[in-house]
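Asks: Need a 3D model of the following:
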Amino acid sequence: MKVTILGCGTWGSAVAQLLAEKGVTVTAWQRHEDKAVAMARTRKHPHLSDLEFNENIVFTADLNDALKSGDIIVLATPSHSIRELIRRVENGMKDQSIIVNLAKGIDLNSLMTMSQLIQAETDIGCDQIVSLYGPSHAEEVVRKLPTTLVAACPKITTSKTIQELMSSEVLRVYRNKDILGVEIGGSVKNVMAIAAGICDGIGYGDNSKAAILTRGITEMTRLGVIMGAKKSTFAGLSGIGDLLVTALSQHSRNRYLGEEIGRGKSLQEVTEGMDMIAEGVNTCRAVPRIVEKYDIEMPIAEAVYGILFENKDPLAAVKELMTRDLTAEKR
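Replies: Predicted coordinates for the structure are as follows:
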């Protein structure tokens, strides 16, 4: 089985390396020809110093050639570019190709998850789409530190194919049929990680971080259930697992962005100084429309939106959260 990976960011490259080390032939598409040539020549990634690309990885900037090479197509670009990418690749895919989505986010225009967006833009059935999510920083994966993921697809045989393809001594993959819950958890947790970073930047302590994480998973679960996902999914790898690693890790771009904003920088100042994308920013843009569409309370997510896009003072936002109407814990 041959695999094509579309996107050579840190996570896409880490997945390519994992597969190549198992003997899988991998074609990695990098949209910029000069960067594709550089990776092929140096066998290095500019943001992963511990990675030396395996010889089983072939780099190309030709999208059509990349698609011809793969029985499995891995989408490893940021979530905001998935719509454009899937439109470009649809005609070049084999009829029975499995699409593995790595992008975490909510489409701003449609409020769809990534698998929903892929289905809406193509004739691909839900039984051919797998979202591979979980607590997984590329920096640790390329160092072969033990990691777990979840392969989500309504069709168990499809998710099992990806589970068996990806699993190794350093990566354990579980299956889950609730792809909607997996995607919601893996996307909204980025907003909560920004909130946790803001707490760090302000100078709050462990009590505050614990409150953000606990109430954050409550918001994620509440949204997922009302959208049709299973409550239990949010206690798994793409829910609490991914939230923990993204909110606490030194490798987390979302936590870092929040921390810098908590220290007084503007969103523009922080993003201009970052080499890579913090996915939680784009997901957060959708929060007001999500709240309106589903008539749901998401106070932490709304507070982050206010701080990022309405110039709300972080201290004022925290005060508003702490002085909301008192309620029971479980609602």
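Asks: Flag every buried residue along the helix or strand hosting Gly201.
Replies: Secondary-structure assignment from DSSP states H and E places Gly201 in helix 179-202. Residues of helix 179-202 classed as buried by neighbour count (16 or more other C-beta atoms under 10 Å): 179-202. Where C-beta positions appear, they are placed from N, C-alpha and C, glycine not excepted.
Asks: Just the CA trace of it, in PDB.
Replies: The C-alpha trace of helix 179-202 is given here as PDB (Å, rounded to 0.1, in the frame of the first residue of the first chain):
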ATOM      1  CA  ILE A 179     -15.900  10.900  13.900                       C
ATOM      2  CA  LEU A 180     -18.000  13.900  14.600                       C
ATOM      3  CA  GLY A 181     -17.100  13.800  18.300                       C
ATOM      4  CA  VAL A 182     -13.500  13.200  17.600                       C
ATOM      5  CA  GLU A 183     -13.300  16.200  15.300                       C
ATOM      6  CA  ILE A 184     -15.200  18.600  17.500                       C
ATOM      7  CA  GLY A 185     -13.000  17.700  20.500                       C
ATOM      8  CA  GLY A 186      -9.800  17.900  18.400                       C
ATOM      9  CA  SER A 187     -10.800  21.300  17.100                       C
ATOM     10  CA  VAL A 188     -12.400  23.200  20.000                       C
ATOM     11  CA  LYS A 189      -9.600  22.100  22.400                       C
ATOM     12  CA  ASN A 190      -7.300  24.500  20.500                       C
ATOM     13  CA  VAL A 191      -9.500  27.400  21.700                       C
ATOM     14  CA  MET A 192      -9.300  26.200  25.300                       C
ATOM     15  CA  ALA A 193      -5.500  25.900  25.000                       C
ATOM     16  CA  ILE A 194      -5.400  29.500  24.000                       C
ATOM     17  CA  ALA A 195      -7.400  30.300  27.200                       C
ATOM     18  CA  ALA A 196      -4.900  28.200  29.200                       C
ATOM     19  CA  GLY A 197      -2.000  30.100  27.700                       C
ATOM     20  CA  ILE A 198      -3.700  33.500  28.500                       C
ATOM     21  CA  CYS A 199      -3.900  32.400  32.100                       C
ATOM     22  CA  ASP A 200      -0.100  31.600  32.000                       C
ATOM     23  CA  GLY A 201       0.600  35.000  30.500                       C
ATOM     24  CA  ILE A 202      -1.400  36.900  33.100                       C
END
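Asks: Distance-wise, check Asp242 relative to Arg83.
Replies: 23 Å (C-beta to C-beta, to the nearest Å).
Asks: returning to that earlier point: what is the subsequent helix or strand relative to the helix holding Gly201?
Replies: Per DSSP H and E, helix 179-202 leads on to helix 206-227 as the next helix or strand towards the C-terminus.
Asks: tilt between that next one and helix 179-202?
Replies: Between the axes of helix 206-227 and helix 179-202, defined by axes from the mean of the first three to the mean of the last three C-alpha atoms, to 10 degrees, the angle is 160 degrees.
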